[in-house]
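Chemist: predicted model, plus sequence, below.
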Amino acid sequence: MVFFENIRYKIARMILRRRVAKLKRQKTLYDFASAKSIGLLCSPNDVFSTVHLKDFLNYLSHKKIKYSVFGYFDGKTIPENFLYLKDFDFITQQELNFWFIPKGPTVDKFINEPFDMLIDCNINSFFPIEYISHLSKAKCKVGVMRQGSETCYDLMIDITKNKTLEYYLENLGIYLTNLRHAQ
C-alpha cells in the first residue's frame, strides 16, 4: 500500500513540475512596509499553533495588510475546534484528487489571487500545501527552508534550531520588518 502511495506522489510531483514550468510569475521582493495583500498557507495541527497564527494575523491587521488564510488538514474532516475560525478556508483529504492534488473553487481562487506576498506557514511538509505554494501567482513567496527539496520561495527562513510555528513567525516578523533596511 505504501509503495503504491509513493508512486502516486512521484507522479503528482511530475505533474506539478510540468505546471510550474508553464507558470509565468512577476517576482518582486516585498516586506511588511510595502506589501498590501498576503496569502497565508497553513496546516495547523493544534489549537496552540492556531493561537500563534491569530496573533500573526492581528499583527498584519495592525499594519493594514489585507490577508487571506488557506489551510490543509491531513485527515478526512476538519477538527471541530477549527470549524469556527473566521477568515480561514480549509480543505481536507476529501478535496484531493487521486494524485493528492487539491481541487475546488477555493483552491483555484487562492492560487490565482495575485498576492503581493505568499507566506507558507507549513512547518511540516504536506504536498497539497506545496502544490498551492508552487502554483500561486503571488509576487513574493516566503517559506521554511527545507534541505533536499525543490523550492519555489524567494525568501526562506531557517528554523532548524527550533522547528515550531512560534519560532518561524517570530523570525518571519524580524526579517520582513527589517528587509527594506537591508536592500
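Modeler: Right, received. Where do you want to start? Numbering: from 1, shown residues only.

Chemist: the longest helix seen in the chain: which residues count as buried?
Modeler: The longest helix of the chain (DSSP state H) is helix 2-22. Using 16 or more other CB atoms under 10 Å as the burial criterion, the residues of helix 2-22 that qualify are Ala12, Arg13, Leu16. C-beta coordinates here come from the backbone N, C-alpha and C atoms, glycine included.

Chemist: likewise for stretch 94-108?
Modeler: So for stretch 94-108, counting by 16+ other CB under 10 Å, buried means Glu95, Leu96, Trp99, Phe100, Ile101, Pro102, Val107.

Chemist: biggest separation within those residues, which pair?
Modeler: Trp99 and Val107 (13.7 Å; CB to CB).

Chemist: distance between the longest helix of the chain and the chain's centre?
Modeler: 19 Å (CA atoms, centre = their mean, to the nearest Å).

Chemist: show me what the worst-scoring helix or strand of the chain on mean pLDDT is packed up against.
Modeler: Ranking every helix and strand in the chain by mean pLDDT, DSSP states H and E puts helix 165-182 at the bottom, with a mean of 82. Where contact means 3 or more CB pairs under 8 Å, 6 or more residues apart in numbering; DSSP states H and E, helix 165-182 is packed against helix 47-62, strand 140-144, strand 155-157.
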